[in-house]
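> Need coordinates for the following:
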Amino acid sequence: MRVINVAAAQLGPIQKADSREAVVKRMVALMDEAKARGADLIVYPELALTTFFPRWYMEDQAEVDKWFEREMPNAATRPLFERAAHHKIAMNFGYAELTPDGHHFNTCILTDKSGKIVGKYRKVHLPGHSEFDTKRAFQHLEKRYFEPGDLGFNVWRALGGIFGMAVCNDRRWPETYRVMALQGVEMVLIGYNTPSVNAEKPEEGPEKRLFHNRLSAQAGAYQNSTWVVCVAKAGVEDGHPLIGGSLIVDPDGEIVVEAKTEEDELLVHPCDLDATVFGKNTIFNFARHRRIEHYGLITGRTGAVPPPDETSDQSQ
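Just a heads-up that it's a prediction; the model follows:
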């Protein structure tokens, strides 16, 4: 058995006025609880240091850049790294990254138990739009503020296993999990900030959104025989509600633990990485069963192209 005690550290709402230092104190408190409960790894949400700022339309780039981190760790986050090293807990969290050459990414990192960064991922599947949309109940401007990730879906050896990372909307795309699974991934760490209501479909509320959250994580876990850890930033941020529903899913696609609140909440579960072996050696033994000669459209086409309508041709 290769058991990793995983702590899914859901964060409650972060208001626009909240400082990074105040948020880091909350993250440290959750880490202290995780240590007391025997955790080896703590997983925080997407954009863990700030409110979900893409809901706000901003034209001044200097105003936008205030939400981004220019280095990691930095003065605000160093206490988190120091506490992780002190507790000997590995960690994963998301933040907005501004690179030295001026690129903007929705990023997450993985550290080892000494607090050293061993992996970085930049969000690939950016949802939303890039300009102010009067038809939406609220804005979702990730395409305005971020560039698509340029690092791909990598995996890293850590804690005696093989780990991958993704961010929010990535969890809805099967390619996310499959590319990592083709590198032997045993646990996928995913943070998210998901609005409780669909901005373009108001009747789609939190129940449906939580259903899709579970569905995406469970399908990704089962179809790739991997653990999946999904962690939310939840609750009402300046009048805008986000779903909770943080969960850990085992390699059979079953939810083993799920958050009950929309506040700061810690879920801890022992995850045996060897539980991935059976699925990887049987129904999802890729080397034996995959037929890549039939998968060309997956990388050769983006939008769907229906076949010709022969009925329409005959009527002309």
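
> ok, which stretches of the stretch 51-200 of the chain are helices?
Using DSSP state H, counting those that start in this stretch, the helices of the stretch 51-200 of the chain run over 61-65, 78-87, 142-145, 174-181.

> got the contact list for stretch 158-167?
2, 4, 40-41, 46, 90, 92, 94, 106-108, 110, 112-113, 118-119, 121, 123-124, 153-157, 176, 180, 183-192, 226, 273 (C-beta atoms under 8 Å, 6 or more residues apart in numbering). C-beta here means a position set from N, CA and C on the backbone, and glycine is covered the same way.

> make it 6 Å
Residues external to stretch 158-167 that are found in contact with it (C-beta atoms under 6 Å, 6 or more residues apart in numbering): 2, 4, 46, 90, 94, 106, 108, 118, 121, 123, 155-156, 176, 180, 184-190, 273.

> Just the buried residues of these.
Buried residues within the contacts of stretch 158-167, counting neighbours by 16 or more other C-beta atoms under 10 Å: 4, 46, 90, 94, 106, 108, 121, 123, 155-156, 176, 180, 185-190, 273.

> what's the burial count for Pro127?
15 (other C-beta atoms under 10 Å).

> what's the spacing between the closest residue to it other than its chain neighbours and Thr176?
In space, and not counting its chain neighbours, Pro127 is closest to Asn169: 4.5 Å by C-beta to C-beta, 6 or more residues apart in numbering. Asn169 sits 9 Å away from Thr176, going by C-beta to C-beta, to the nearest Å.

> Quick one: the strands in this structure, in order.
All strands of the chain, identified by DSSP state E, fall at 3-10, 41-43, 90-98, 104-111, 117-122, 155-158, 161-167, 187-192, 227-232, 235-237, 240-242, 247-249, 255-258, 265-272.

> Given the second one, what are its sheet partners and their directions?
Applying DSSP bridges, strand 41-43 is found paired with strand 3-10 (parallel), strand 90-98 (parallel).

> same question, the fourth one
Here the strand partners of strand 104-111, with direction, are listed using DSSP bridges: strand 90-98 (antiparallel), strand 117-122 (antiparallel).
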